[in-house]
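Sequence first, predicted coordinates after that:
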Amino acid sequence: MINVAPAIVILGQNSVTVARKIISVLPGATLYGLEGRTSGVDVSFTNFGETLRELFAQGRPLIGICATGILIRTLAPLLSDKRQEPPVLAVAEDGSAVVPLLGGLGGVNDLARRIAEALDVKPAITTTGDLRLGTTLLSPPTGYHLANPDDAKKFISDVLAGAQVKLEGIAPWLSDSKLPIDPQGDLTIQVTERLVTPTTNSLIYHPATIAIAISDIIDDALALVQQLLAAAKLEKTSVAGIFAPIATAADPTIHAVASALGVPARFFTPNQLESLLSQGYSPAQAAAIAATDTSPLSSPSPNIAIAIAPQPIDPNTIGQPRGRLAIIGTGPGGAQWMSPEVKEILKSATDLVGYKTYLDLVGSLADGKERHESDNREEEARAKMALDLAASGRYVAVVSSGDPGIYAMATAVFEVCDRDRKPEWESIDIHVAPGISAMQAAAAAIGAPLGHDFCAISLSDILKPWSAIAQRITAAAEADFVIAFYNPVSKERTWQLAEARNILLQHRTPDTPVVLARNLGRPGQTVKAIALDQLTPASADMRTIILVGSTKTRTIKRSDGSIWVYTPRRYT
């Protein structure tokens with residue numbers, strides 16, 4: 001069973017096609033590519049050995065699209081305990097071979113089968129037990145936990161030597177295998193959610209059949225859950241998930257219990273529980289029944305219920321997760337300016353919401369996501385859509401360029417939350433991930449014009465009156481701030497920039513340095529410096545950021561004709 005998203009490591013661009021086929025069946029996988037030889041990857045690296053060993057030490061499943069020999073030689077110094085080894089596979093560059101190398105106890109053969117199916121080849125599985133028994137007893141499928149792996153090696157050896165197996169309990173993956181099952185067998189496999197002590201010649205599997213429902217904030221909830229499990233003689237590794245009404249989705253107690261037990265938290269909407277509640281069940285009992293379709297056990301707490309399903313529960317098919325809304329900034333242009341946090345969010349998100357131009361900047365990180373495009377002026381409608389999607393249990397990324405909190409979508413989302421206050425939005429986990437702003441990128445491209453006190457002013461008078469803008473320009477000019485002008489000129493707004501220049505010239509000399517930066521990080525990028533009296537509406541558009549120097553801002557002319565612009569740190 002693979003619980004950690006794999007890392008796919010490639011050394012050349014020819015491997016990208018095969019890597020993308022693998023990623024299609026392994027959502028969340030990260031593509032690592034050798035810098036200078038690959039493009040369109042999630043993470044670039046310069047040292048293959050260091051990168052591979054670091055990922056292995058982190059416990060990440062590794063899929064190397066390369067020769068088996070280089071993987072073996074690279075990881076050999078780290079091999080010590082096969083129980084702790086993550087799965088490691090080698091895949092041929094053309095996708096013609098899938099070879100599991102390490103991690104037999106971590107589900108490497110199952111992973112190899114999934115990859116081979118995606119590539120339409122047969123996996124090169126050599127594990128004797130897996131081949132002859134048709135199943136991997138040491139690595140049970142999702143929904144089952146092997147309680148006594150130390151006994152498995154002898155058990156498997158005895159089976160391969162001819163011993164018969166008595167199966168107690170229900171597990172289709174075992175009964176449908178090639179195991180020599182006999183009611184009188186000397187070896188025993190028990191499938192049970194009950195607490196049992198392993199005996200000689202037995203294996204015990206705990207199925208994920210237990211649902212724990214919590215309906216309200218409870219002090220010491222984890223301790224109480226553990227006490228209830230112990231009193232009912234139930235094994236905690238059989239807990240499939242924590243289930244609750246959606247109104248409790250923001251309760252940290254529920255997530256703390258789920259985290260402690262290593263299971264997901266899932267939530268039911270009022271409509272999903274309405275019928276059960278009308279029959280007199282408590283909210284906790286209703287959630288437990290909805291998760292298992294069976295009656296709950298008796299419980300001393302009205303806010304906790306436990307129910308046991310006849311078959312393992314897949315929490316991903318029940319209720320919904322807590323909705324997540326990430327408001328991200330991709331930076332002003334290319335992927336090189338995206339933070340690692342933003343890239344991780346984009347990989348994990350189910351839905352992307354934003355202006356088409358900004359969604360296009362995400363590139364391959366948008367693959368496999370639901371795209372929700374809208375016009376650049378529809379900020380509030382976009383925010384409502386994102387919130388509604390997240391309330392349904394989706395992981396939504398609202399995509400802005402630059403930094404999302406600077407003249408961008410973060411404010412729009414919070415404005416809508418503050419004004420409309422829909423109850424279903426209360427359950428959403430909202431997070432803002434910063435990005436490099438256009439003014440930072442513009443400053444870096446030409447030196448350090450923001451090296452001393454500065455401010456940012458939008459010249460758009462769509463959301464605020466020109467009188468307020470003019471007042472702020474005057475105040476900033478009088479205070480001798482460097483000023484970053486956003487939204488300087490559009491098709492409908494041309495006169496505001498000239499008026500801003502006229503105000504500034506009352507407090508600045510005509511030769512004050514002005515930086516014009518357009519299409520930062522995108523094709524056609526231009527960054528240049530002019531004098532303040534040369535600034536006209538024709539100098540800029542909505543893709544331009546303008547930095548106007550203070551009285552202290554200086555320029556350095558270089559021998560190649562280029563110019564540095566900086567604002568000194570000292571006022572002397």
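Ah, there it is.

Apart from its chain neighbours, what residue comes closest to K21?
A118 (5.3 Å; Cβ to Cβ, 6 or more residues apart in numbering). For the C-beta atoms, the positions are set from N, CA and C on the backbone; glycine is no exception.

Quick check: the one you found vs I22, distance?
Distance of A118 to I22, computed by Cβ to Cβ, to the nearest Å: 6 Å.

Between these two, which is the more surrounded one?
Neighbour tally, A118 and I22, criterion other Cβ atoms under 10 Å: the higher count belongs to I22, 24 against 17.

sec struct for the nearest residue to the more buried one once chain neighbours are set aside, please.
Among residues not flanking I22 along the chain, I115 sits closest, at 5.4 Å (Cβ to Cβ, 6+ apart). Assigned by DSSP: H, G, I helix; E, B strand; the rest coil, the conformation of I115 is helix.

so what's I115 scoring on pLDDT?
For I115, the pLDDT comes out at 92.

Tell me which residues touch it, please.
By Cβ atoms under 8 Å, 6 or more residues apart in numbering, the contact set of I115 is 22, 25-26, 63, 89, 91, 98, 123.

Select only the buried ones of those residues in ChimeraX?
To isolate the buried members of the contacts of I115 in ChimeraX, using 16 or more other Cβ atoms under 10 Å:
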select :22,26,63,89,91,98,123
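
Toward the C-terminus, what is the element adjacent to the helix or strand of the chain with the lowest mean pLDDT?
Using mean pLDDT, DSSP states H and E, helix 128-133 stands out as the lowest-scoring helix or strand of the chain, at a mean of 62. As assigned by DSSP states H and E, the chain's next helix or strand after helix 128-133 is strand 144-146.

quick one: strands adjacent to that following strand?
strand 202-207 (antiparallel) (DSSP bridges).

next helix or strand past the strand it pairs with?
Using DSSP H and E, the helix or strand that follows strand 202-207 towards the C-terminus is strand 210-214.

Give the next helix or strand downstream of that following strand.
With DSSP H and E setting the assignment, the helix or strand that follows strand 210-214 is helix 221-231.

now the angle between strand 210-214 and that following helix, please.
Relative orientation of helix 221-231 and strand 210-214, computed by axes from the mean of the first three to the mean of the last three Cα atoms, to 10 degrees: 140 degrees.

Can you list the neighbours in contact with helix 221-231?
195, 210, 212, 214, 218, 235-236, 239, 253-254, 256-257, 260-261, 299-301, 304, 306.

who touches I70 in this structure?
By Cβ under 8 Å, 6+ apart, the contact list for I70 reads 48, 64.

so what's P423 closest to, chain neighbours aside?
A247 (7.9 Å).

oh, I was asking about A290
Nearest to A290 is F268, by Cβ to Cβ, 6+ apart, at 5.6 Å.

Okay, and the beta partners of the one you found?
Under DSSP bridges, the beta-bridge partners of F268 are P245.

For V353, grab phi and psi.
The phi/psi pair for V353 (degrees, to the nearest 10) reads phi -120, psi 130.

and it, what pLDDT?
Confidence score, pLDDT, at V353: 96.

if I pick it, what's in contact with it?
If you count contacts by Cβ under 8 Å, 6+ apart, then V353 has 372, 374, 382, 385-386, 389, 396-399 around it.

can you check A443 too?
449-450, 515, 547.

Would you double-check that it falls in a helix?
Yes: the assignment for A443 (three-state DSSP) places it in a helix.

returning to what we had before: from the contacts of V353, which is closest to G106?
A397 (30.5 Å; Cβ to Cβ).

What sits closest to the closest one if chain neighbours are left out?
A349 (4.0 Å).

What's the separation between that neighbour and L365?
For A349, the distance to L365 - Cβ to Cβ - is 9 Å.

what's the answer for G64, then?
Applying Cβ to Cβ to G64 and L365 gives a distance of 22 Å.

between these two, which one's more packed in?
Neighbours per residue, other Cβ under 10 Å: of G64 and L365, the larger number sits with G64, 25 against 22.

beta partners for that one?
Beta-bridge partners of G64, counted by DSSP bridges, are V9, A90.

Give me the pLDDT value at it.
Note on G64: pLDDT of 93.

And for the one 4 residues further on?
Predicted confidence (pLDDT) at T68: the value is 90.

Please list all residues in contact with the closest residue to it other than its chain neighbours.
Computed as Cβ to Cβ, 6+ apart, the closest residue to T68 that is not its neighbour in sequence is A90, at 4.2 Å. With contact set as Cβ under 8 Å, 6+ apart, A90 has these partners: 64-68, 71, 97-99, 101.

Mind giving me the ChimeraX command for buried ones among the residues you listed?
Selecting only the buried entries of these in ChimeraX, with 16+ other Cβ under 10 Å as the criterion:
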select :64,65,66,68,71,97,98,99,101
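
Out of the contacts of A90, which is nearest to Q320?
Top of the list for closeness to Q320, among these and by Cβ to Cβ, is V98 at 34.4 Å.

is that closest one in a bridge, and if so with what?
Beta-bridge partners recorded for V98 (DSSP bridges): V91.

what sits against the closest residue to L119 other than its chain neighbours?
Spatially, and ignoring its direct neighbours in sequence, L119 is nearest to G95 (4.3 Å; Cβ to Cβ, 6+ apart). Contact analysis of G95 by Cβ under 8 Å, 6+ apart lists 18, 21, 119, 121.

Next, the distance between the ends of stretch 421-436.
Stretch 421-436 has an end-to-end distance of 30 Å (Cα to Cα, to the nearest Å).

next one: phi and psi at the residue nearest the centre of the chain?
Centroid-nearest residue in the chain, with Cα atoms, centre = their mean: S348, separated by 3.0 Å. Dihedral angles of S348 (phi, psi; degrees, to the nearest 10) stand at phi -90, psi -20.

Just list whatever residues bridge to the residue nearest to it when sequence neighbours are not counted.
Spatial nearest neighbour of S348, excluding adjacent residues (Cβ to Cβ, 6+ apart): Y395 at 6.1 Å. When assigned by DSSP bridges, Y395 has beta-bridge partners R324.

Surely Y395 touches L346?
No: the pair Y395 / L346 is not scored as a contact, 10.5 Å apart, by Cβ atoms under 8 Å.
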